[in-house]
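Participant: sequence unavailable; structure follows:
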């Protein structure tokens, strides 16, 4: 009996430590991802490889395109450590130079506690898959407003840059991974309306 209890504790410990949220789009769904900006988002065959990916096609009318994460990525990140990370595979399909300089952030998180961004000034080779990773370490994020702990306490928006040049392009995202699992806040009775006339 003691062995079973110990085994259950070890399994639950490892489940908690290695919990993560991942989207590889192999289920044939966008899984709640959508784009914001002047482009359009769709599920499409991944370029240069098998499987599906999230495609954001830029219409080049001026508004910057971002891929917006679904609710399962959002919530209280305060239990995350500097060992946790945010990862995404990028494929930028365009005719610009072979390596794209990105003088803007790739990842952004925001909420009532402020806003932070990461991976400013990356060089991304075009027309090939690139994995970009950022640790959830305040030392590698730029805080635009608020403070790190307040931002992590309630992440309401996670967005990923999906535009890298001036002009038309297609950006594909795949294998998006957030190590750790956000804690979702629960709705209490006093936060609900009773809709009485």
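Facilitator: Sure, I can see it. This structure is a prediction, so every number in the text was calculated from the model and none was measured. Numbers count the residues shown, from 1 in each chain.

Participant: low-confidence ranges in this protein?
Facilitator: The model of the chain has pLDDT under 70 over residues 1-18, 185-197.

Participant: and the top strand by length along it, what does it pack against?
Facilitator: The strand that spans the most residues within the chain, counting by DSSP state E, is strand 169-179. Secondary-structure packing of strand 169-179 (3 or more CB pairs under 8 Å, 6 or more residues apart in numbering; DSSP states H and E): strand 20-23, strand 52-58, strand 85-93, strand 157-161. (Glycine included, C-beta is placed from N, CA and C.)

Participant: now with 7 Å, please.
Facilitator: Strand 169-179 is packed against strand 20-23, strand 52-58, strand 85-93, with contacts defined by 3 or more CB pairs under 7 Å, 6 or more residues apart in numbering; DSSP states H and E.

Participant: residue contacts, residue 123?
Facilitator: Applying CB atoms under 7 Å, 6 or more residues apart in numbering, we find residue 123 in contact with 99, 100, 101.

Participant: what pairs with it across the strands?
Facilitator: In this entry, residue 123 is beta-bridged to residue 101, by DSSP bridges.

Participant: now do residue 145
Facilitator: Beta-bridge pairing for residue 145 (DSSP bridges): residue 115.

Participant: with neighbour count as extra columns, can I get the contacts of residue 123 in TSV?
Facilitator: Converted to TSV, the contacts of residue 123 look like this (neighbours: other CB atoms under 10 Å):
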residue	neighbour count
99	10
100	18
101	13
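
Participant: contact partners of stretch 50-66?
Facilitator: So stretch 50-66 is contacted by 25-26, 28, 30, 33, 35-46, 67, 159-163, 167-174 (CB under 7 Å, 6+ apart).

Participant: just the buried members of those?
Facilitator: 25, 30, 33, 35-37, 39, 41, 46, 67, 159-163, 169-174 (16 or more other CB atoms under 10 Å).

Participant: picking up where we left off before, quick one, which of the helices and strands packed on strand 169-179 is nearest to residue 184?
Facilitator: Comparing these against residue 184 with CB to CB, the closest turns out to be strand 20-23 (11.9 Å).

Participant: quick check: neighbours of the closest one in the sheet, parallel or antiparallel?
Facilitator: Counting by DSSP bridges, strand 20-23 is paired with strand 169-179 (antiparallel).

Participant: off-centre distance for the strand it pairs with?
Facilitator: 8 Å (CA atoms, centre = their mean, to the nearest Å).

Participant: repeat that for stretch 88-98.
Facilitator: Taking CA atoms, centre = their mean, the mean C-alpha location of stretch 88-98 is offset from the chain mean by 18 Å.

Participant: how long is it from one end to the other?
Facilitator: End-to-end distance for stretch 88-98: 20 Å, by CA to CA, to the nearest Å.
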